[in-house]
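Engineer: Generate coordinates for the sequence data below:
(one chain, ligands or ions: 1)
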Amino acid sequence: MLKVSVLVSGGGTNLQAIIDRVADGKITNTEIVKVISNKKGAYALERAQKRNIPALALSKKDFGDSDEWENRLIEELDGAGTDLIVLAGFLAILSEKFTKHYENRIINIHPSLIPSFCGAGYYGLKVHEEALKKGVKVTGATVHYVNEGIDSGKIISQKAVYVQDGDTPETLQRRVMEQAEWILLPQAIDDIANNRI
Ligand code: GRF
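Structural biologist: Numbering: from 1, shown residues only. Down below sits the predicted model:
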């Protein structure tokens with residue numbers, strides 16, 4: 001049984017997709033053991049609590065420095081027996097110490113086809129604003145391993161999504177979530193849980 005902990009910062013629609021796929025059996029051999037947000041009041045926490053998944057907020061502001069914050073994060077994750085960490089809309093930067101501690105055991109969903117529209121400052125709506133500004137006809141999402149860089153770890157999977165005439169950053173973000181993110185991330189977890197990757 002793969003023990004998965006999900007790190008979140010906001011609405012938690014990717015977390016919800018994982019919860020729903022575990023519930024309907026599309027993700028097997030997996031238990032979501034912990035949900036941790038770096039933002040208090042994140043709706044993602046409510047989504048976890050509704051399913052009785054242990055959830056808590058660890059805000060950097062409540063700690064002396066980011067090292068103390070990470071040490072508490074590691075305590076919670078290891079305390080729950082975490083095998084795989086899933087970053088799902090998680091917006092805090094993790095140190096090299098942290099990513100080395102969980103080498104090849106952290107995956108992230110990014111809302112573009114890496115290496116396009118990624119790296120420092122590319123998150124949330126900004127990714128889709130830049131894609132529209134560039135006038136790309138195809139965008140999508142990428143699941144990748146997390147290493148010490150930003151959006152630079154080994155790519156696991158990608159799914160293309162067509163840009164439509166009249167798209168706004170919001171309509172494009174929604175389509176990328178529905179047609180790519182919410183499909184790719186659960187699939188990657190199921191593949192890892194069943195030793196396919
Ligand atoms: C979305 O832009 C998603 O592409 C990215 O984080 C943002 C919020 O995701 N991964 P969520 O609704 O909190 O899962």
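Engineer: Pick out the residue of this protein closest to the ligand.
Structural biologist: G89 (2.6 Å; CB to the nearest ligand atom). Every residue, glycine included, has its C-beta placed from N, CA and C.
Engineer: In space, what's closest to that residue - neighbours in sequence excluded?
Structural biologist: In space, and not counting its chain neighbours, G89 is closest to G10: 5.0 Å by CB to CB, 6 or more residues apart in numbering.
Engineer: Name the SS class of the residue of the chain closest to the ligand, please.
Structural biologist: coil (DSSP: H, G, I helix; E, B strand; the rest coil).
Engineer: Quick check: phi and psi on the most centrally placed residue in the chain?
Structural biologist: Closest residue to the average C-alpha location of the chain: A88 at 2.1 Å, with CA atoms, centre = their mean. Note on A88: its backbone torsions stand at phi -130, psi 90 [degrees, to the nearest 10].
Engineer: I'd assumed N14 was in contact with it.
Structural biologist: Yes - between A88 and N14 there is a contact under CB atoms under 8 Å: 3.8 Å.
Engineer: Touching both of those two, which residues are there?
Structural biologist: 109, 185 (CB atoms under 8 Å, 6 or more residues apart in numbering).
Engineer: Show me the helices in this protein, by range?
Structural biologist: For the chain, applying DSSP state H gives helices covering 13-23, 43-50, 66-79, 96-101, 125-134, 169-176, 182-193.
Engineer: Which positions within the fifth one qualify as buried?
Structural biologist: Burial within helix 125-134, assessed by neighbour count using 16 or more other CB atoms under 10 Å, is assigned to 127-132.
Engineer: angle of it against helix 169-176?
Structural biologist: 100 degrees (axes from the mean of the first three to the mean of the last three CA atoms, to 10 degrees).
Engineer: for the longest one, same thing?
Structural biologist: Using the same axes, to 10 degrees, the direction of helix 66-79 lies 30 degrees away from that of helix 169-176.
Engineer: by contact count, what packs against helix 66-79?
Structural biologist: With contacts taken as 3 or more CB pairs under 8 Å, 6 or more residues apart in numbering; DSSP states H and E, helix 66-79 sits against strand 30-37, helix 96-101.
Engineer: And the shortest one, by the same measure?
Structural biologist: With contacts defined as 3+ CB pairs under 8 Å, 6+ apart, the packing partners of helix 96-101 are helix 66-79.
Engineer: Now do the helix it packs on: distance to the chain's middle.
Structural biologist: Relative to its chain's centre, helix 66-79 lies at 18 Å (CA atoms, centre = their mean, to the nearest Å).
Engineer: Report pLDDT for I150.
Structural biologist: I150 carries a pLDDT score of 89 in this model.
Engineer: how about it, what does it touch?
Structural biologist: 93, 118-120.
Engineer: Select from these the one having the most neighbours.
Structural biologist: C118 (20 neighbours; other CB atoms under 10 Å).
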